[in-house]
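J.: Below is the structure, and that's it, no one-letter string:
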């Protein structure tokens, strides 16, 4: 029996809005896409395949340091587990982690429908990050501690940072470059034809 793989992602019907929609100036220059490891690790270990809570915290704190020099608002797109949890618990978690000085918004709306609202998105290993790449949106993966990703021969490695010390440089590059320069010949195989 021959195995086949789907040619479209699971949220395909939602993606059409990005093909048909007007790509106006994004609301946010930078967004963090949560994997909710702090909630998931209560039930099971996630470190081997999506990263640990420690790596997510390290990523968020580095983003905070970067944004403190930029004077821009961070959008935090919540994971479905966070959207279902008590909103007070979620708000307290981020307030305690990020402090009172950072300007940020917790976004509860559908992440897939909001891709155009964000210039550059950063997260660990999340389906929604792959969805953004598929739709031709600028995206960075923080892969510290994640096993076997990216594959050495994959063009996706151009979007991956495993050393937190290189994050700021990668953010500046993504924020300053037009999408066409990010999606070079190798990377242009990933988005759906015609979206980039």
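T.: Right, received. Where do you want to start? Since the model is a prediction, treat every value here as computed from it, not as a measurement. Numbering: from 1, shown residues only.
J.: which SSE is residue 65 in?
T.: helix 53-70 (DSSP states H and E).
J.: Next: residue 75.
T.: In this assignment (DSSP H and E), residue 75 forms part of strand 74-77.
J.: what's downstream of that strand, the next helix or strand?
T.: Once strand 74-77 ends, the next helix or strand along the chain (criterion: DSSP H and E) is helix 80-84.
J.: List the neighbouring strands of the strand holding residue 75 plus their orientation.
T.: Here strand 74-77 is paired, per DSSP bridges, with strand 28-33 (parallel), strand 104-107 (parallel).
J.: Run the angle between the helix holding residue 65 and strand 28-33 for me.
T.: Helix 53-70 runs at 170 degrees relative to strand 28-33, counting by axes from the mean of the first three to the mean of the last three Cα atoms, to 10 degrees.
J.: And helix 53-70, what does it pack against?
T.: Using 3 or more Cβ pairs under 8 Å, 6 or more residues apart in numbering; DSSP states H and E, the elements in contact with helix 53-70 are strand 28-33, helix 37-40, strand 74-77, helix 87-98, strand 118-123, helix 167-176. Using the backbone N, CA and C atoms, a C-beta is placed for each residue, glycine as well.
J.: What residues sit buried inside it?
T.: By neighbour count with 16 or more other Cβ atoms under 10 Å, helix 53-70 contains the buried residues 53, 55-56, 58-60, 62-64, 66-67.
J.: Show me which of these is closest to residue 167.
T.: When these are compared for distance to residue 167 (Cβ to Cβ), residue 62 comes out closest, at 4.9 Å.
J.: give the contact list for that closest one.
T.: Taking Cβ atoms under 8 Å, 6 or more residues apart in numbering, we find residue 62 in contact with 164, 167-168.
J.: Most neighbours out of the residues you listed, which is it?
T.: Highest neighbour count within the contacts of residue 62, by other Cβ atoms under 10 Å: residue 167, with 20 neighbours.
J.: what's the spacing between the nearest residue to that one once chain neighbours are set aside and residue 40?
T.: Spatial nearest neighbour of residue 167, excluding adjacent residues (Cβ to Cβ, 6 or more residues apart in numbering): residue 62 at 4.9 Å. From residue 62 over to residue 40 the distance is 21 Å, taken as Cβ to Cβ, to the nearest Å.
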